[in-house]
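Chemist: just to be clear, the model below is a prediction. Sequence and coordinates:
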Amino acid sequence: MAVNEKCTIKTHEDAAPGYRMLVLAAPQIAAAATPGQFVHVKIPSLEDSALRRPFSIFDADAAAGTVTVLYKMVGRGTAALAKELPGAALEVIGPLGFGFPVTCDGVPLLVGGGYGVAPLYFLAKRLLAQGVAEKPILFVGGRTKGDLLEVERFRALGMEVRTATNDGSEGVKGFVTEPLDDALIALREQGKKFEFFTCGPDGLLKAVSQRAVGTGSKGWISMDRHMICGVGACFACVQKLRKANGEEWNARCCVNGPVFKAEEIVW
Ligand SMILES: Cc1cc2nc3c(=O)[nH]c(=O)nc-3n(C[C@H](O)[C@H](O)[C@H](O)COP(=O)(O)OP(=O)(O)OC[C@H]3O[C@@H](n4cnc5c(N)ncnc54)[C@H](O)[C@@H]3O)c2cc1C
Ligand code: FES
């Protein structure tokens with residue numbers, strides 16, 4: 001269950017140009033968090049500090065009582081958050097939402113774009129801790145190599161990492177779907193099953209959803225929608241979904257997601 005926890009910043013450092021890694025002492029949230037869930041952070045120095053900002057849980061360590069967030073500085077809220085120093089107090093609600101399953105039938109294909117790798121690291125750790133039969137593979141894309149975040153941490157888990165950048169500065173030149181498609185061909189030739197777990201920009205989520213549906217595999221899609229309340233009250237984060245009987249309905253990403261099944265999403 002989500003709590004409103006008064007947390008303390010343990011460390012707060014640059015992760016890459018334009019990105020920060022925030023480690024919070026947040027024992028209650030750390031104990032309850034599962035991969036794909038998010039925290040809603042109140043940023044003290046903003047005048048409208050009642051409006052929180054949502055961030056995926058990059059990592060949660062129940063034993064250490066810490067929750068880690070990896071974020072990109074994009075606007076007022078994240079710029080103000082970036083200035084908060086270790087020792088500062090932050091009010092954080094979490095863990096919120098429904099995340100990824102931590103089981104997989106076949107090879108877990110984790111596909112991230114930019115800060116979309118954030119929930120995939122926690123997921124990779126949990127899948128490996130569960131002893132999944134096949135090691136997860138990470139496919140990560142960005143505009144340039146500076147957007148390929150924390151890949152060494154994934155490699156340190158013993159995972160294979162395949163990269164793509166739009167400008168060709170690292171990995172395949174183009175979209176991350178290119179190395180993904182190569183892997184799908186190889187896995188199908190080997191007669192292996194796989195499931196997709198993805199987070200990133202909408203174009204990537206849609207492309208991965210199409211591949212999940214097209215290959216008859218499961219796809220778990222983490223939607224990034226603008227949020228205000230984070231708890232289901234304001235309907236700012238609506239995403240249209242389709243039930244098995246064809247009926248469409250408006251899901252709220254904060255309480256019904258952010259992770260949805262690929263075949264449910266109406267693009
Ligand atoms: C469930 C969820 C998990 C998220 N996880 C992460 C994460 O792990 N790391 C991370 O860096 N960011 C994450 N985000 C996005 C993050 O919440 C926004 O970037 C942040 O709220 C922007 O705040 P701001 O005040 O700096 O920007 P604002 O000044 O509010 O906006 C600056 C720009 O960012 C755009 N923006 C605002 N919110 C979003 C959003 N949700 N998605 C895309 N663009 C947005 C605005 O349209 C505008 O162009 C997540 C969002 C959701 C909904
Ligand atoms: S953010 Fe208010 S309903 Fe989801």
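Modeler: Cool, got the structure. Ligands and ions are numbered 1, 2, ... in the order given.

Chemist: so what touches stretch 78-95?
Modeler: 2-12, 20, 22, 24, 26, 29, 32-34, 37-46, 52-53, 57, 60, 67, 71-73, 230-231 (Cβ atoms under 8 Å, 6 or more residues apart in numbering). Backbone N, C-alpha and C define where each C-beta goes, glycine included.

Chemist: touching ligand 2 at all, it?
Modeler: No - Stretch 78-95 is not in contact with ligand 2 by Cβ under 6 Å from any ligand atom; minimum separation 11.5 Å.

Chemist: can you give the distance of that stretch from its chain's centre?
Modeler: 19 Å (Cα atoms, centre = their mean, to the nearest Å).

Chemist: how long is it from one end to the other?
Modeler: From its first residue to its last, stretch 78-95 covers 19 Å (Cα to Cα, to the nearest Å).

Chemist: so that stretch, near ligand 1 or not?
Modeler: Yes - judged by Cβ under 6 Å from any ligand atom, stretch 78-95 and ligand 1 are in contact via Thr78.

Chemist: in that stretch, which residues are buried?
Modeler: 78, 80-82, 84, 90, 92-95 (16 or more other Cβ atoms under 10 Å).

Chemist: in strands only, show me these.
Modeler: Of those, the ones assigned to strands by DSSP state E are 90, 92-95.

Chemist: residues near the closest residue to Gly141 other than its chain neighbours, how many?
Modeler: Take Gly141 and drop its neighbours on the chain: the residue closest to it by Cβ to Cβ, 6 or more residues apart in numbering is Val176, 2.9 Å away. Burial measure for Val176: 29 neighbouring residues, criterion other Cβ atoms under 10 Å.

Chemist: what about Val176, distance to Gly191?
Modeler: 24 Å (Cβ to Cβ, to the nearest Å).

Chemist: make CSV out of the buried residues of stretch 78-95 and add distance to Pro119 and pLDDT.
Modeler: Putting the buried residues of stretch 78-95 into CSV (distance: Cβ to Cβ, whole Å; pLDDT from 0 to 100) gives the following:
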residue, distance to Pro119, pLDDT
Thr78, 17, 95
Ala80, 23, 94
Leu81, 18, 96
Ala82, 20, 96
Glu84, 22, 95
Leu90, 20, 95
Val92, 16, 97
Ile93, 17, 97
Gly94, 13, 96
Pro95, 11, 98
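
Chemist: that older thread, may I see the ChimeraX selection of the buried members of the contacts of stretch 78-95?
Modeler: Selection of the buried residues among the contacts of stretch 78-95 in ChimeraX, burial being defined by 16+ other Cβ under 10 Å:
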select :2,5,7,9,10,12,20,22,24,26,29,32,33,34,37,38,39,40,41,42,43,46,52,53,57,60,67,71,72,230,231
